[in-house]
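> Structure for this input, please:
(one chain, ligands or ions: 2)
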Amino acid sequence: MIERLVVVGVGLIGGSCALALRRAGQVRHIVGVGRSRDNLREAVKLGVIDEIADSAAAAVRGADLVLLAVPVGAMPAVLREIAPHLPKDCLVTDAGSTKQDVVAAARAALAGGLGRFVPGHPIAGAENSGVAAARADLYQGRQVVLTPLAENAPAAVERIAALWRACGAEVAQMSAEAHDRIFAAVSHLPHLAAFALVDDLAGRSEADTYFRYAGSGFRDFTRIAGSHPEMWRDIALANREALLGELDAYIAELEQIRGLLARGDAAGLEAIFQRASRARKDWNPNS
Ligand SMILES: NC(=O)C1=CN([C@@H]2O[C@H](COP(=O)(O)OP(=O)(O)OC[C@H]3O[C@@H](n4cnc5c(N)ncnc54)[C@H](O)[C@@H]3O)[C@@H](O)[C@H]2O)C=CC1
Ligand SMILES: O=C(O)C(=O)Cc1ccc(O)cc1
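Ligands and ions are numbered 1, 2, ... in the order given. I've put the predicted structure just below:
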């Protein structure tokens, strides 16, 4: 049982975790901290948090668990603010979409107390943000990746893993480096590609006509272009090196397809489509 859970950033991700833990009967009192007073008032109204704190520093006094669910660019300042006020046995975890930058920020802010910080990333979410989008079942059947540090005691890692399992998630572990390399390819690049396509079309003089006729393929490819701009700015910059590598690989693949198309190479095009179609169906036949 968590006696006092502090959620810094009560939006889609932090709010959903609070709702899930409450539903699982794992938490007694939830304190929310954030930038927007209106959002926090809504969080109280929705039963996501019990109390609004004026600052992260004030909130963490007496806490036994702190979840950081702010955009990754905001993590360093939050970690610096809470560091001097964390009770001795209080664990801190995060939900940031990138891990090496958040770990570096924790290392700088917590120094000797680094063992209390267990980095994490729920692989569940949506293009919607804010506490109004939070759902108790967001993590049901989804994966959470923890990237434990050498400084973490096994019991600390297990406590955070148990927290996510109580939310309905399966928990995996890998290094922060492996995490950022993998998610650059399967999450960060697709978001960039979707933003780019929609931005290109939206900037055209006949944009309304294009959008009027766009069908389900366009909808599926671009749903995530409606995602939170500030959050994705932070993710792209935090994972810049890996993302640049993935962008180069994707551009090279597009260049290859462009060459085949320009030459009218039907067999070459079909071979690529064949490989991709089979891989996509093997990955997830039902979606
Ligand atoms: N949206 C998604 O699908 C997923 C997001 N994440 C990560 O979770 C974190 C939160 O994302 P969401 O919940 O989607 O965003 P959100 O926008 O719904 O919630 C973030 C909350 O943090 C608050 N906030 C922003 N800067 C702050 C600051 N400096 N101090 C205090 N509060 C601040 C905002 O007011 C907002 O209430 C991000 O690090 C994101 O990368 C991880 C997995 C999925
Ligand atoms: O909207 C979607 O489908 C997503 O891809 C959600 C998402 C966004 C960011 C993450 O770090 C993890 C999952």
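> any residues touching stretch 186-198, and which ones?
97, 221-225, 227, 232, 235-236, 239, 242-243, 246-247, 250 (Cβ atoms under 8 Å, 6 or more residues apart in numbering). From N, CA and C alone the C-beta is placed, and that goes for glycine too.
> now swap in stretch 12-25 and tell me
Stretch 12-25 is touched from outside by 2, 5, 7-8, 10, 27, 30, 32, 43, 46-49, 67, 69, 95, 122, 124-126, 128-131, 133-139, 163, 166-168, with contacts defined as Cβ under 8 Å, 6+ apart.
> Repeat that for stretch 135-149.
12-13, 16-17, 19-20, 22-23, 99, 103, 114-115, 117-126, 157, 160-161, 164, 167-176, 179.
> Same question for stretch 71-83.
Here stretch 71-83 makes contact (Cβ under 8 Å, 6+ apart) with 8-9, 55-57, 60, 66, 68, 70, 92, 94, 96-98, 101-102, 105-106, 108-110, 113, 228, 230-231, 233-235, 237-238.
> Near ligand 2, which residues of the stretch 51-200 of the chain are found?
97, 123, 125, 126, 127, 187 (Cβ under 6 Å from any ligand atom).
> residue contacts, the second one?
To tie it back to what came earlier, the one meant is residue 123. Taking Cβ under 8 Å, 6+ apart, one finds 142, 143, 144, 145 in contact with residue 123.
> Buried subset of those, written for ChimeraX?
Applying 16 or more other Cβ atoms under 10 Å to those, the buried members can be selected in ChimeraX as follows:
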select :142,144,145
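> when you check ligand 1, which of the contacts of residue 123 turn up near it?
Filtering these for neighbours of ligand 1 using Cβ under 6 Å from any ligand atom leaves an empty set.
> I'd say residue 55 and residue 33 touch.
Yes: using Cβ atoms under 8 Å, residue 55 makes contact with residue 33 at a distance of 6.8 Å.
> out of the two, which sits in the busier spot?
Shown here are residue 55 and residue 33; by other Cβ atoms under 10 Å, residue 33 has more neighbours (28 against 12).
> Who are the contact partners of that one?
6, 7, 8, 9, 10, 40, 52, 53, 55, 56, 59.
> would you list those in CSV and tack on pLDDT?
Output for the contacts of residue 33, formatted as CSV (pLDDT from 0 to 100):
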residue, pLDDT
6, 98
7, 98
8, 98
9, 98
10, 98
40, 97
52, 98
53, 98
55, 96
56, 97
59, 98
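> Which of those residues ranks first by neighbour count?
Going by other Cβ under 10 Å, residue 10 tops the contacts of residue 33 with 32 neighbours.
> Wait, that residue touches residue 130, no?
No: judged on Cβ under 8 Å, residue 10 makes no contact with residue 130 at a distance of 9.1 Å.
> and the residue of the stretch 51-200 of the chain found nearest ligand 1, backbone torsions?
Nearest residue of the stretch 51-200 of the chain to ligand 1, counting by Cβ to the nearest ligand atom: residue 125, 1.7 Å away. Dihedral pair for residue 125: phi 170, psi -160, per degrees, to the nearest 10.
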